[in-house]
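Undergrad: Build me a model:
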Amino acid sequence: MGKPTGFMEFTRELPSKLKPEERVKNYKEFIQELPTEKLNQQAARCMNCGVPFCHSGCPLGNVIPEFNDAVYAGEWEEAYNILTSTNNFPEFTGRICPAPCEASCVLGINQPPVAIEEIEKNIIETAFKKGIAKPRIPHKRTGKSIAVVGSGPAGLAAAAQLNYAGHSVTVFERDDEIGGLLRYGIPDFKLEKWVIERRVKLMEAEGVVFKTKSNVGVNIKTDDLTRDFDAIVLAGGSTIPRDLTVKGRELNGVHFAMKFLPQQNRRNAGKSVPESESILATGKHVVVIGGGDTGADCVGTSNRQGAKSVTQIELLPKPPSERNEYMPWPNWPVILRTSTSHDEGCERLWSLNTKQLIGDEKGILKALKLVELEWVVEQGRPGKFTEKAGSEKEIPCDLLLLAMGFLHPQHEGMISEWGVELDERGNVKAGSNYQTSIPKIFAAGDMRRGQSLVVWAISEGREAAYNVDKYLMGESNLESKEKSLIHLDNVFA
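TA: Predicted structure coming up:
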C-alpha cells in the first residue's frame, strides 16, 4: 500500500475539461491531462482493501489496488504490466467505460470513489509515451490458424490473445477501417481514431493480419473460412436496432442513431458521405429517443453540427440522483447520469411515450405527439405504466434519432449460412465455453451476450480466446476468469 493515510488526505479529483462553448466547435477529445502530482494523489487514495470489491465490479477483473500502488510509487512499467495482464485495451476503457469498478470501490461507501478510470488511462498513455508499450511477439507459432469475424472490441481482444498464444490470426472486417463500434459508433470527441490506429499498428507488428472490406457471407465465402481455418470466432456485434412502431414512422427525417453517428466519423476522417444519404442536424429541432450512451452521443454530435434545439426523451421515469435502499453498494446503481454531451446543451424529458410522428404535405417530419406516463414503481424498479389523461402534447421535430438499443446480430449472411444455433433473443447461442453448435465456431461479445459495454466485449473476447486455445491445444496458458476461479477453489479447498 503506497500511502496508508492517502484516502484521508486527498479527495477525488478529475482533470479539467474545455468549456462546452469551446469544445462544440470541433470533434476533438476535450478532457485535459491530470498533472503527475495530482495523479499520484489519486492513486494514493486507494486503500488496498482486504477484499477489493473493485475486482468484481470490473468485468475484466482488473487488479486495481496493485496498479494504483505502482502508479503511486512511480513504477510505470510495473503498472502497465499489471493492467495489461487483464485488459488488452486500457486506452479504450480509460476513455469510454462507465467505470463499474468505481461503483464498487470500498472508499465509495462514504467518500467519492478512487478515480480508477483516470488512473487506468494515464497508465497506458504514459506507457506509450515512454516506449513501454511494445509489440508482444510470440516466441513460436503453433501452426494453427484462426479467423476472427468482426474488429470491434471483442474481436480485437480475441485476436490479440490468440496471437499471444502463438496462433496465426486473421481478422475480417466488413467496413473500410478496423475498429467496429469503436471506429464508426463512438464519436471522435470521446475517442479520437488515432487511438485505434495506434493499437492496430501494434497488433500488426505482433503478427495479426487485418482484412477490411471483407464481409463474410457476402464477398467472403463462409465455406472458405470453414475450410481454411482451424477455428472461427464470431464477433460481429449486435447490429439490428430496436425500431419505433407508430404512425408516421415512414416520414422523411426519422433515422436510426447508428446511421447518423457513423456519417460524422466518416466526415471527420475526410471521407465523403453521399448527399442523398447525408443526415445532418444543422439548423434543426432534433429529438433523440433513448436515454443511454448512444442517445447522449447523438446529443453531442447534434450540438456540434449546429442544431437549433436538442431534446432527449426517455420512456422510463427519471432515476434518482443517488443510491437508495434498492441499489446498495457494491451493486451498480441505476442513478441519474449526466454526460458531457448533456452539459453542452440538451433538454432531457422522462416518462414520455411517442404516440405519433407528424409530417407536412411533402412527407417531411415536423413534430412529435407525446403523452406523459405514470409509472408504478415496485421495489425501486418501474413496473406498469398508464398514460396520464389530458397530457398529450406536440413538440417541434425536424430530425428524429432512434437510440433505443439493439435486438440481436444480423442473421442474414454468415449466421444463416453456417446455421449456428440462436438463443431465444436471437443472439448466437454459445455456452460457457463460448462454443456454438458448430464445434470449430465460437462467438463472443454482443453477438453472443447481447448489447452491452465495451469492457464486457473485451472480457468476452479474452474468454473466447482462452476457450479456442484450449479447444485447439488441449490446454491454454492464456489468462482467463475460469483459471482464476479454479485457482481460488484450490486455495480455499
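Undergrad: Now I279: closest residue in space that isn't a chain neighbour?
TA: Sequence neighbours aside, F260 is the residue nearest to I279 in space, at 4.9 Å (criterion: Cβ to Cβ, 6 or more residues apart in numbering). Where C-beta positions appear, they are placed from N, C-alpha and C, glycine not excepted.
Undergrad: How about N477?
TA: A165 (7.0 Å).
Undergrad: What of S341?
TA: Per Cβ to Cβ, 6+ apart, closest to S341 is G300, 3.3 Å.
Undergrad: Which stretches in the stretch 51-200 of the chain count as helices?
TA: 53-57, 64-72, 76-84, 90-96, 100-103, 116-129, 153-164, 181-184, 194-206 (DSSP state H, counting those that start in this stretch).
Undergrad: closest to V455 out of those helices?
TA: helix 90-96 (5.2 Å; Cβ to Cβ).
Undergrad: So which residues make contact with the closest one?
TA: Helix 90-96 is touched from outside by 29, 60, 83-84, 87, 117-118, 120-125, 128, 153, 182, 186, 190-191, 195, 198-199, 454-455, 458, with contacts defined as Cβ atoms under 8 Å, 6 or more residues apart in numbering.
Undergrad: Of the residues you listed, which count as buried by neighbour count?
TA: When neighbours are counted using 16 or more other Cβ atoms under 10 Å, these contain these buried positions: 29, 60, 83-84, 87, 117-118, 120-125, 128, 153, 182, 186, 190-191, 195, 199, 454-455, 458.
Undergrad: So the protein: which segments form each domain?
TA: Following automatic domain parsing, one finds the domains of the chain at 6-129, 145-239+407-491, 246-404.
Undergrad: State the mean pLDDT of the first one.
TA: Predicted confidence along domain 6-129 averages 96 (mean pLDDT).
Undergrad: Kindly report the same for the last one.
TA: This predicted structure assigns domain 246-404 an average pLDDT of 96.
Undergrad: and it, how far from the chain's centre?
TA: 19 Å (Cα atoms, centre = their mean, to the nearest Å).
Undergrad: Format the domains of the chain as CSV; extra columns: distance to P138.
TA: CSV is the format used below for these (distance: least, Cβ to Cβ, whole Å):
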stretch, distance to P138
domain 6-129, 15
domain 145-239+407-491, 4
domain 246-404, 32
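Undergrad: what about M258, how many neighbours?
TA: 20 (other Cβ atoms under 10 Å).
Undergrad: That one: what's it in contact with?
TA: 185, 239, 241, 294.
Undergrad: That one - that's part of a helix, no?
TA: Yes. Checked against DSSP: H, G, I helix; E, B strand; the rest coil, M258 lies within a helix.
Undergrad: Can you give me the distance of it to Y164?
TA: Distance of M258 to Y164, given as Cβ to Cβ, to the nearest Å: 32 Å.
Undergrad: helix/strand/coil for the residue nearest to E13 when sequence neighbours are not counted?
TA: Sequence neighbours aside, K38 is the residue nearest to E13 in space, at 5.8 Å (criterion: Cβ to Cβ, 6+ apart). Judged by three-state DSSP, the three-state class of K38 is helix.
Undergrad: K38 and K17, how far apart?
TA: Applying Cβ to Cβ, the value for K38 to K17 is 15 Å.
Undergrad: Repeat that for I395.
TA: If you go by Cβ to Cβ, the gap between I395 and K17 works out to 30 Å.
Undergrad: and what of T311?
TA: 23 Å.
Undergrad: So those two - more neighbours on which side?
TA: T311 (21 against 14).
Undergrad: That one in helix, strand or coil?
TA: T311 - assigned by three-state DSSP - is strand.
Undergrad: Go ahead and name everything in contact with stretch 40-48.
TA: So stretch 40-48 is contacted by 1-3, 6-7, 9-13, 34, 64-65, 68-69, 71-72, 74, 106-107, 114-115, 118-119 (Cβ under 8 Å, 6+ apart).
Undergrad: PyMOL command for the buried members of these?
TA: To isolate the buried ones among those in PyMOL, judged by 16+ other Cβ under 10 Å, type:
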select buried, resi 2+3+6+7+10+12+13+34+64+65+68+69+71+72+106+107+114+115+118+119
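Undergrad: In this protein, where's the longest strand?
TA: Counting by DSSP state E, the longest strand found in the chain is strand 365-378.
Undergrad: Quick one: work out the angle between that strand and strand 309-313.
TA: Between strand 365-378 and strand 309-313, the angle comes out at 30 degrees (axes from the mean of the first three to the mean of the last three Cα atoms, to 10 degrees).
Undergrad: For A127, give me its contacts.
TA: By Cβ under 8 Å, 6+ apart, the neighbours of A127 are 76-77, 80, 133.
Undergrad: which residues touch the residue of the chain positioned farthest from its centre?
TA: Relative to the centre of the chain, the most outlying C-alpha is that of E361, 40.5 Å out, by Cα atoms, centre = their mean. By Cβ under 8 Å, 6+ apart, no residues touch E361.
Undergrad: Just list the residues touching S145, thanks.
TA: Residues counted as contacts of S145 (Cβ under 8 Å, 6+ apart) are 167-170, 228-230.
Undergrad: try it again with 7 Å
TA: Shown in contact with S145 (Cβ atoms under 7 Å, 6 or more residues apart in numbering): 167-168, 229-230.
Undergrad: Can you report how many residues neighbour P330?
TA: What P330 shows, counting by other Cβ under 10 Å, is a neighbour count of 18.
Undergrad: Excluding chain neighbours, what is closest to it?
TA: Excluding its sequence neighbours, the residue lying closest to P330 (Cβ to Cβ, 6+ apart) is S104, at 3.9 Å.
Undergrad: That neighbour contacts H55, correct?
TA: No. S104 is beyond contact range of H55, at 8.2 Å (criterion: Cβ atoms under 7 Å).
Undergrad: before we move on, back to that, can I get the helices of the stretch 51-200 of the chain in CSV with distance to P330?
TA: Listed next are the helices of the stretch 51-200 of the chain as CSV, based on distance: least, Cβ to Cβ, whole Å:
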stretch, distance to P330
helix 53-57, 4
helix 64-72, 13
helix 76-84, 21
helix 90-96, 19
helix 100-103, 7
helix 116-129, 13
helix 153-164, 24
helix 181-184, 28
helix 194-206, 30
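Undergrad: Of all those, which one is nearest R448?
TA: Ranking those by proximity to R448 (Cβ to Cβ) places helix 153-164 first, at 8.3 Å.
Undergrad: Check which helices and strands the closest one sits against.
TA: Other helices and strands packing on helix 153-164, by 3 or more Cβ pairs under 7 Å, 6 or more residues apart in numbering; DSSP states H and E, are strand 145-149, strand 168-172, helix 194-206, helix 454-473.
Undergrad: neighbouring strands for the longest strand of the chain, and are they parallel or not?
TA: Partners of strand 365-378 in the sheet, by DSSP bridges, are strand 352-359 (antiparallel), strand 381-387 (antiparallel), strand 393-396 (antiparallel).
Undergrad: and it, which residues are buried?
TA: 365-373, 375.
Undergrad: Tell me which two of those sit farthest apart.
TA: K366 and W375 (29.3 Å).
Undergrad: pretty sure G152 contacts I178?
TA: No. Because the distance of 9.4 Å does not satisfy Cβ under 7 Å, G152 is recorded as not touching I178.
Undergrad: These two: which is more packed in?
TA: A count of neighbours by other Cβ under 10 Å puts G152 above the other of G152 and I178, at 27 against 23.
Undergrad: Tally up the residues packed near E21, please.
TA: 9.
Undergrad: Of the contacts of A127, keep whichever come out buried.
TA: By 16+ other Cβ under 10 Å, these give 76, 80, 133 as buried.
Undergrad: For the stretch 151-300 of the chain, which segments count as strands?
TA: In the stretch 151-300 of the chain, the strands defined using DSSP state E, counting those that start in this stretch lie at 168-172, 209-211, 231-234, 240-241, 254-256, 285-289.
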